[in-house]
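Peer 1: Give me a 3D structure for the following:
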Amino acid sequence: MRNPFFRISRTYSHLVRYRHIMGVLMKYGFEEVAGVFARRLKIGLGSRGLPTSRMENLAQTSLPKRVRLAAEELGPTFVKLGQMLSTRPDLIPSEYVSELERLQDRVAPEKYKRIRDTVKLQLGAFPEEIFESFDSVPLAAASIAQVHRARTKEGREVVLKIRRPGIVKTIHTEMEMLHDLAALVKMRLGRDSTIDPVRMVNEFSQAVTKEVDFANERRNQQRFIRNFESDLTIHVPEVFEAYSSEGILTMEFIDGIKPSNIEQLENAGLAPKTVASRGADFVLKQVFDHGFFHTDPHPGNFLILPDNILSPLDFGQVGRLAVQDRMLLQYIVLSIVDGDATKIVHGLERAETLADATDLAELTRDIEEILSDYTGLPLKDIPFGEALSRTFDVIRGHHITPPRDFTLMLKSLMTIEAFATDLDTEFQIIDHLKPYARKFSFEQISPENLFRQMRKATRGAGELAARFPEDAAAIISKFRRGNFKIHVYHDHLEELEQTLDNSSNRISFAVIIAALLIASSLLVPQTGDVLGIVSLQTLGIIGYLTAAAMGAWLLASIIRHRRF
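Peer 2: Below is the predicted model:
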């Protein structure tokens with residue numbers, strides 16, 4: 001396994017960016033992380049500490065808020081990371097989720113000349129050659145893309161989501177930096193920590209790679225169009241493939257009202273309560289009927305059309321749910337309704353999300369403690385979002401690792417609940433959830449589904465039986481030839497590697513010091529000089545001084561890290 005710090009490209013621009021990252025970390029009180037990371041990269045940060053007034057201000061600022069402020073100052077990639085982490089309450093505590101949800105992805109618009117050149121590169125011609133009209137002033141600008149309005153030569157009003165030039169390279173470079181920083185933080189947190197920064201960055205890297213690929217977003221949007229083509233309450237914007245590419249997504253222009261503007265909705269004769277109900281049903285249909293869902297259904301990703309029709313926007317991030325994931329959600333919903341903790345534990349066991357060290361009795365007790373607060377309450381009075389938030393606390397505490405998309409789905413439900421309650425103070429998402437969960441449960445035990453599962457199991461058993469003689473022969477053959485291999489993976493091997501690396505460096509220093517002392521001892525008694533410039537005795541004394549300095553540095557390093 002290679003040390004991630006040896007993969008860093010030490011270009012000048014990289015080093016400047018690293019110094020900026022370390023400086024921001026120190027500014028917000030993360031001096032230990034900044035210092036250790038800087039030493040690994042051999043970057044000097046100076047010896048001056050934070051002013052007393054600054055330290056007092058930091059002491060009065062919560063750690064989650066300092067994380068958010070640091071992300072905002074570090075720029076778009078870190079803002080995007082923070083936003084994605086805010087959708088993962090299974091990875092980070094609720095106070096961090098709440099703070100990171102406040103991050104805003106707002107940046108200055110790209111110069112029109114560069115946007116114009118990007119359109120030429122992606123579509124083969126300049127915008128004025130392709131469209132009847134093209135608005136040079138963007139409707140919106142974010143870190144990855146900005147949106148421009150246009151009219152096709154056929155007279156259709158459209159918007160173009162145009163990827164910022166150079167953003168893919170920038171994200172790739174900063175992903176390397178984030179991986180290195182995450183590896184260091186993981187080592188500093190230790191093996192007992194419930195937070196795994198490397199896992200977070202890996203998932204973020206995969207997600208943001210998909211988000212900058214507008215061909216992927218186009219496919220997602222077209223799938224939503226198919227899924228909701230018969231639903232008259234939902235209008236997914238049409239995609240114009242002829243004007244789309246990997247870096248540009250062209251879709252129908254939607255002239256609607258933001259759901260957060262309740263007064264404007266009412267003035268237009270629309271019903272906020274109806275919008276709230278349809279928003280919840282929109283998400284629940286995705287989860288239970290399609291297994292394909294929008295991961296961030298916040299008010300900014302919707303526009304409301306006449307007749308209370310919802311038009312969802314931005315399909316860069318979606319989730320996919322297997323039947324098993326939907327069954328786990330069913331267990332959670334019904335356990336909250338029925339006050340039965342064993343249903344949740346049984347669902348987690350079936351989904352194979354429990355760690356070997358998980359104490360099932362203690363896990364059941366913790367879940368029962370949560371459910372006991374809601375037992376006996378009318379269905380409409382059960383705070384589903386609060387119950388889920390407390391459940392996530394239990395998930396982290398017991399080192400449970402639910403599937404990523406399952407967690408995104410739960411967060412999506414919490415988001416749509418907040419969206420709906422802003423429009424209708426009496427809205428209760430669990431009223432909408434229960435029928436879907438019951439319906440899904442009945443579908444799983446329907447004769448058609450049972451027959452399909454039985455047929456699948458029978459076919460699988462037959463294939464296994466047919467392959468068994470060949471598989472057994474292959475295994476025996478490898479044993480005979482001595483080619484049978486067992487691969488062992490150690491979860492914390494990087495810590496051992498780091499310890500060996502430090503030890504070898506210190507041994508090397510000690511050998512060099514010893515060599516200097518021996519060479520100096522041989523030179524001091526000698527007479528004569530080197531090239532008539534410096535005497536051999538002087539060289540010996542310089543050697544002694546160098547050895548003394550290196551020895552003092554080595555001793556200080558050992559004492560500082562308390563490793564003797």
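
Peer 1: so what's residue 227 scoring on pLDDT?
Peer 2: pLDDT, residue 227: 95.

Peer 1: Contacts only, for it.
Peer 2: 285, 286, 289, 290, 292 (Cβ atoms under 8 Å, 6 or more residues apart in numbering). For the C-beta atoms, the positions are set from N, CA and C on the backbone; glycine is no exception.

Peer 1: I'd guess the second one is in a helix, am I close?
Peer 2: Yep, that's residue 286 we're talking about. Yes - the assignment for residue 286 (DSSP: H, G, I helix; E, B strand; the rest coil) places it in a helix.

Peer 1: For residue 388, see how far away the residue lying closest to it once chain neighbours are set aside is.
Peer 2: Of all residues not flanking residue 286 in the chain, residue 293 sits nearest, at 3.7 Å (Cβ to Cβ, 6 or more residues apart in numbering). Residue 293 sits 16 Å away from residue 388, going by Cβ to Cβ, to the nearest Å.

Peer 1: higher neighbour count, those two?
Peer 2: residue 293 (24 against 19; other Cβ atoms under 10 Å).

Peer 1: Parallel or antiparallel, list what pairs with the strand or helix carrying the more buried one.
Peer 2: Element membership for residue 293 (DSSP states H and E) is strand 292-294. Strand pairing for strand 292-294, determined by DSSP bridges: strand 318-320 (antiparallel).

Peer 1: list the buried ones in the partner strand?
Peer 2: Residues of strand 318-320 classed as buried: 318, 319 (neighbour count, 16 or more other Cβ atoms under 10 Å).

Peer 1: likewise stretch 362-381?
Peer 2: 363, 366, 367, 368, 370, 371, 374.

Peer 1: Could you report the neighbour count for residue 143?
Peer 2: Residue 143: 19 neighbours (other Cβ under 10 Å).

Peer 1: out of everything not next to it in sequence, what's closest to it?
Peer 2: Nearest to residue 143 is residue 76, by Cβ to Cβ, 6+ apart, at 3.1 Å.

Peer 1: cool, and residue 164?
Peer 2: That would be residue 110: by Cβ to Cβ, 6+ apart, it lies 5.5 Å from residue 164.

Peer 1: Who are the contact partners of the one you found?
Peer 2: 141, 146, 164, 165.

Peer 1: now swap in residue 207 and tell me
Peer 2: Contacts of residue 207 by Cβ under 8 Å, 6+ apart are 84, 317.

Peer 1: Surely it is in a helix?
Peer 2: Yes - assessed by three-state DSSP, residue 207 belongs to a helix.

Peer 1: Now restrict the contacts of residue 110 to buried residues only.
Peer 2: 141, 146, 164, 165.

Peer 1: want to throw these into TSV with pLDDT?
Peer 2: Shown next, in TSV, are the buried ones among the contacts of residue 110 (pLDDT from 0 to 100):
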residue	pLDDT
141	88
146	93
164	92
165	92
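
Peer 1: Cross those residues against strands and list the overlap.
Peer 2: Among those, DSSP state E puts 141, 146 in strands.

Peer 1: Could you single out the nearest of the buried ones among the contacts of residue 110 to residue 117?
Peer 2: Residue 117 lies nearest to residue 165 out of the buried ones among the contacts of residue 110, by Cβ to Cβ, at 7.2 Å.

Peer 1: returning to what we had before: list the buried residues for the following helix or strand past the strand holding residue 293?
Peer 2: Counting by DSSP H and E, the next helix or strand C-terminal to strand 292-294 is strand 302-305. Neighbour counts over strand 302-305 (16+ other Cβ under 10 Å) mark 302, 303, 304, 305 as buried.

Peer 1: on that earlier part again, give me the pLDDT value at the residue nearest to residue 286.
Peer 2: 91.

Peer 1: quick one, what contacts the nearest residue to residue 305 once chain neighbours are set aside?
Peer 2: Nearest residue to residue 305, sequence neighbours excluded (Cβ to Cβ, 6+ apart): residue 256, at 4.9 Å. By Cβ under 8 Å, 6+ apart, residue 256 lies in contact with 303, 304, 305, 311.

Peer 1: coming back round to it: quick check: phi and psi at the residue nearest to residue 143.
Peer 2: Phi and psi for residue 76, reported as degrees, to the nearest 10, are phi -60, psi -40.

Peer 1: quick one on the thing from earlier: now the residue nearest to residue 286: how far from residue 415?
Peer 2: For residue 293 relative to residue 415 (Cβ to Cβ), the value is 11 Å.

Peer 1: cool, residue 324 as well?
Peer 2: Distance from residue 324 to residue 415, by Cβ to Cβ: 23 Å.
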